[in-house]
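Trainee: Quick one, structure for this:
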Amino acid sequence: ESGEKTVGVQPIQKQASETSDNEVQTPPASMAVIFGLTFYRFYTGFLSATWLPYLLAMEGAELWKDNQALFMGIAKLIYGLSILLTPIFGLIGDRLAFVSHALGRRLFVRVGIIVAALGIFLCHWSAQSAPGRPGHFSLFMLGILIWRLGEGLNDVTTEAICPEMLPPQQYEISSAIRASMFLVGGLGGYVLVMLLVTLPYYWLYHGYLIMMFLCGIPPLLAITRDIPKSSTRGANRSGQSFFISAAEAYLKPAQYEGGFPCACLCIFLFSCGSAPMFFLLLMLRDLVGIDEQVALQRHFSLISIDFFLSAAVAAVLNALVSPKKPPAAQRNSGEIRVESFKYTAIAVISFGVVCILMPFVSFFPHKANRAQAFYFLSACMGATFGTVYARFQDCTWQLLPPQVEFANAMGFSTMWKLLGAGLGNFFSGLVLDLFQSERKMSMDVDATHATHLVAYKIGGYMAVCFGSAVLAFAAGGLTLTIPAKAKKAASDKAAKGDAVKGS
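Mentor: Sure, this is the predicted structure:
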C-alpha cells in the first residue's frame with residue numbers, strides 16, 4: 001500500500017475517492033508560507049476587539065440614542081445571519097477550488113475584501129460621522145450586512161487554506177501561529193483605542209480598510225500552487241442542484257466519522273461557556289466596586305489589555321513549543337496525536353476553574369485587594385483561553401476526513417463556534433437581568449461622575465460563572481473522548497477495506 005504513490009501527476013479520481021492511501025502527500029511549507037497563510041487573522045482579531053464592543057456602541061449612541069439596546073440587537077441579528085451562512089459560503093468556495101484551487105481561493109479572498117470594503121465605506125458614509133450631518137439608519141444597517149457578508153467570504157477561505165495546503169505534521173505549529181495572530185491583533189486594537197481616545201471614533205473605518213488590504217496581501221501571495229488532492233473534492237456533487245448541495249452543506253459535516261462532529265459540539269459548549277469574558281466591565285463595577293466612570297473605563301482598558309496580552313503570550317508559547325519537524329512516525333495523515341487532545345482538555349477545564357473563582361473576588365475586604373485579585377484572574381482567564389484557542393484548531397484539523405471539502409467543513413465549525421459565543425452571551429445577559437439590584441455608591445464617589453450602568457447582585461455573577469464552568473467541564477470531558485472515536489472510525493474503515501480486498 002505504501003508503495004503506491006503518485007509523484008508529479010494527478011491521481012485518478014475514482015481511485016482517490018475509494019482510498020486515501022494513493023493521495024499525494026502535501027510537502028512541508030516554510031515558516032514564511034505559514035505566516036502568510038495565517039496573517040489575515042491579525043486583522044480579524046483587531047476587528048473583533050473594536051467593532052462590536054466599541055464602534056457599534058458609539059454609532060448606536062449617535063444613530064439611535066433613544067434605543068441603543070435595540071440598535072445593538074439589530075446589528076447582532078445581522079451578524080448572526082452572516083454566521084449561519086458560512087457553510088454555504090464554504091460550499092461555493094469549494095466549488096471554485098474544484099476548478100482551480102489557487103485561482104478559486106485567491107478569487108474568493110479578493111471578492112471578500114472588495115465586498116467588505118464596500119460595506120465599510122457605506123457604514124462610514126451613512127453614519128453621523130461629521131458635525132451637522134444626520135446619519136442614515138437604514139443605510140448603515142445595509143452597510144453592516146454587506147460588510148459582514150464580505151467578512152464571511154474571507155473567514156471561510158482563510159480558515160480552509162491551512163489544512164488544505166499544509167501537511168498534518170504542521171497543523172500544530174500553524175494553529176498556534178494563527179491563534180497568536182488573532183490575539184495580537186485584538187491586543188493591538190485595544191491599545192490603539194486607548195491611545196487614540198482623543199480622536200473621533202470613526203478613525204476606525206480608515207483603520208479597517210488599510211489593515212484589511214495589508215493583511216490580505218500575504219495569503220494571496222502564499223496561495224501560489226494547486227494541491228493534487230483538490231481534484232477529488234467536490235466530485236460527488238457533480239450534477240447536483242445547488243439547493244440540495246446547500247442542505248448538505250449543513251448536514252454532511254455533522255455526519256463525518258472520526259470525531260469531527262463531537263469536536264464541533266465541544267467548540268460550541270466552550271464558546272457558550274466563555275460568556276464571562278464579555279462581562280468584565282460589569283464585574284469591575286459590581287464585584288470590585290469601582291463606581292467612578294473615568295476610573296471604571298481606565299480599569300476596563302487595562303483589564304482588556306491584561307486579558308489579551310496573557311492570551312497572546314499563551315498562544316505564542318504554544319507556537320514556540322510546537323514541534324517544527326515532528327518524527328517520521330507522526331507523519332501519517334491518518335494518525336491522531338492523542339497528547340494534543342489531552343492538553344486541550346486540560347486548558348478547557350482550567351478555564352472553567354477560573355470562571356468559578358471569578359465571583360469570589362468580592363469577598364476581599366478592601367477594594368485594592370479585590371482589584372489585584374481580579375487582574376490576576378483576568379490574566380489566568382486570558383492564558384487559558386489563548387491556550388484553548390491555539391490548540392482546538394489543531395485538534396479540529398486532525399479530525400478532517402480524507403477528500404473533505406475544507407471550506408465547507410471549516411465554515412460549519414466556525415458557525416458553531418460563533419453561534420455558541422452569541423447564545424452564551426445572550427442567555428448570560430438574561431440570567432443577570434434576574435439579579436438586578438439597587439447598589440449604593442461609595443461615599444468617596446461624586447454622584448455626577450458615577451457610572452450609570454445597571455448593577456447586579458453577586459448571585460447573578462455566580463450563576464453565570466458557575467454555569468459557564470459546567471459547560472467548560474463538559475467540553476473538556478468530551479474532548480478526552482474524541483481520540484477513541486477517531487481510532488474506532490479508523491479501525492472500522494480498515495476492516496471495511498480488508499473485507500473489500502477479501503471479496
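
Trainee: Make sure residue 109 is actually in contact with residue 156.
Mentor: No. Residue 109 lies out of contact with residue 156 (CB atoms under 8 Å); the separation is 10.3 Å. (C-beta placed from N, C-alpha, C; glycine too.)

Trainee: Heading C-terminal from the helix or strand containing residue 340, find the next helix or strand.
Mentor: Element membership of residue 340, judged by DSSP states H and E, is helix 338-357. As assigned by DSSP H and E, the chain's next helix or strand after helix 338-357 is helix 367-398.

Trainee: can you pull the buried residues of that following helix?
Mentor: Neighbour-count burial for helix 367-398 flags 370-371, 373-375, 377-398 (criterion: 16 or more other CB atoms under 10 Å).

Trainee: Sketch out the low-pLDDT regions of the stretch 51-200 of the chain for me.
Mentor: Residues of the stretch 51-200 of the chain meeting the criterion pLDDT under 70: 66-69, 128-135.

Trainee: For the helix holding residue 340, C-alpha coordinates in CSV please.
Mentor: Extracted as CSV, the C-alpha positions of helix 338-357 are listed here (Å, rounded to 0.1, in the frame of the first residue of the first chain):
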residue,chain,number,x,y,z
VAL,A,338,-3.7,12.0,21.5
GLU,A,339,-1.5,14.3,23.5
SER,A,340,-2.9,17.4,21.8
PHE,A,341,-6.4,16.5,22.8
LYS,A,342,-5.3,15.9,26.4
TYR,A,343,-3.6,19.3,26.6
THR,A,344,-6.6,21.0,25.1
ALA,A,345,-8.9,19.3,27.6
ILE,A,346,-6.7,20.4,30.5
ALA,A,347,-6.8,24.0,29.2
VAL,A,348,-10.6,23.9,28.7
ILE,A,349,-11.1,22.6,32.3
SER,A,350,-8.7,25.2,33.7
PHE,A,351,-10.7,27.9,32.0
GLY,A,352,-13.8,26.6,33.9
VAL,A,353,-11.9,26.6,37.2
VAL,A,354,-11.0,30.3,36.6
CYS,A,355,-14.7,31.1,35.9
ILE,A,356,-15.7,29.5,39.3
LEU,A,357,-13.1,31.7,41.1
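
Trainee: ok, residues contacting it?
Mentor: 172, 266, 270, 273-274, 276, 377, 380-381, 384-385, 387-388, 391-392, 394-395, 398, 465-466, 468-473, 475-477, 479-480, 482-483 (CB atoms under 8 Å, 6 or more residues apart in numbering).

Trainee: mind giving me the domain ranges of the protein?
Mentor: 30-223, 249-323+335-502 (the TED database).

Trainee: First-to-last residue distance for the shortest one?
Mentor: It refers to domain 30-223. Start-to-end span of domain 30-223 (CA to CA, to the nearest Å) is 13 Å.

Trainee: where along this structure do the strands fall?
Mentor: 436-437, 455-456 (DSSP state E).

Trainee: Which stretch among the ones you listed is buried most, on average?
Mentor: strand 455-456 (a mean of 20; mean count of other CB atoms under 10 Å).

Trainee: Okay, now the sheet partners of that strand, with direction.
Mentor: The strands beside strand 455-456 in its sheet (DSSP bridges) come out as strand 436-437 (antiparallel).

Trainee: Could you tell me how far the strand it pairs with lies from the centre of the chain?
Mentor: Centroid separation between strand 436-437 and its chain, computed with CA atoms, centre = their mean, to the nearest Å, is 33 Å.

Trainee: for stretch 199-206, same thing?
Mentor: In terms of CA atoms, centre = their mean, the centre of stretch 199-206 is found 25 Å from the chain centre.

Trainee: now do stretch 141-157
Mentor: For stretch 141-157, the distance to the chain centre is 15 Å (CA atoms, centre = their mean).

Trainee: do the same with stretch 114-123
Mentor: 22 Å.

Trainee: Buried residues of that stretch, list them for me.
Mentor: For stretch 114-123, burial by neighbour count (16+ other CB under 10 Å) applies to 115, 116, 117, 119, 120, 122, 123.

Trainee: Pick out whichever of the residues you listed sits closest to residue 418.
Mentor: residue 116 (16.5 Å; CB to CB).

Trainee: Which residues are in contact with that closest one?
Mentor: Here residue 116 is in contact with 146, 147, 149, 150, 151, 153, 154, 212 (CB under 8 Å, 6+ apart).

Trainee: wait, what's in contact with the last one?
Mentor: Contacts of residue 212 were listed using CB under 8 Å, 6+ apart, and they are 43, 113, 116, 117, 120.

Trainee: Equivalent analysis for the first one, please.
Mentor: With contact set as CB under 8 Å, 6+ apart, residue 146 has these partners: 115, 116, 118, 119, 122.

Trainee: Okay, and which of those residues map to helices?
Mentor: In this view, the contacts of residue 146 that belong to helices under DSSP state H are 115, 116, 118, 119, 122.

Trainee: How about the backbone phi and psi for the nearest residue to residue 260 once chain neighbours are set aside?
Mentor: Take residue 260 and drop its neighbours on the chain: the residue closest to it by CB to CB, 6 or more residues apart in numbering is residue 399, 4.3 Å away. For residue 399, the backbone dihedrals (degrees, to the nearest 10) come out as phi -90, psi 0.

Trainee: Count the residues that sit near residue 399.
Mentor: 25 (other CB atoms under 10 Å).

Trainee: now the one 10 residues further on
Mentor: When neighbours are defined as other CB under 10 Å, residue 409 has 28 of them.

Trainee: do the same with residue 363
Mentor: 11.

Trainee: What confidence value was assigned to it?
Mentor: If you check residue 363, the pLDDT there is 94.

Trainee: Can you tell me which of the contacts of residue 116 has the largest number of neighbours?
Mentor: Neighbour counts for those (other CB under 10 Å) peak at residue 153, which has 27 neighbours.

Trainee: ok, residue 29 - contacts?
Mentor: Contacts of residue 29 by CB under 8 Å, 6+ apart are 37, 165, 166, 167, 170.

Trainee: Any regions of the stretch 301-450 of the chain where pLDDT drops low?
Mentor: In the stretch 301-450 of the chain, residues with pLDDT under 70: 322-334, 438-450.

Trainee: Pull out the buried positions in the helix holding residue 340.
Mentor: Neighbour-count burial for helix 338-357 flags 340-341, 343-352, 354-356 (criterion: 16+ other CB under 10 Å).

Trainee: taking those as a set, which two sit the farthest apart in space?
Mentor: 340 and 356 (25.4 Å).

Trainee: residue contacts, the closest residue to residue 180 other than its chain neighbours?
Mentor: Excluding the flanking residues, the one nearest residue 180 by CB to CB, 6+ apart is residue 315, at 4.2 Å. Counting by CB under 8 Å, 6+ apart, residue 315 makes contact with 176, 179, 180, 182, 183, 386, 387, 389, 390.

Trainee: Could you rerun that using 10 Å?
Mentor: 175-184, 382-383, 385-391 (CB atoms under 10 Å, 6 or more residues apart in numbering).

Trainee: And for residue 398?
Mentor: Residue 398 makes contacts with 163, 168, 171-172, 175, 258-260, 263, 333-337, 340-341, 482-483, 486, as judged by CB under 10 Å, 6+ apart.

Trainee: next one: residue 206
Mentor: Taking CB under 10 Å, 6+ apart as the test, what residue 206 contacts is 120, 124.

Trainee: Just the pLDDT at it, thanks.
Mentor: For residue 206, pLDDT reads 95.

Trainee: Distance check, it against residue 42.
Mentor: Taking CB to CB, to the nearest Å as the measure, residue 206 falls 17 Å from residue 42.

Trainee: try residue 501
Mentor: Applying CB to CB to residue 501 and residue 42 gives a distance of 49 Å.
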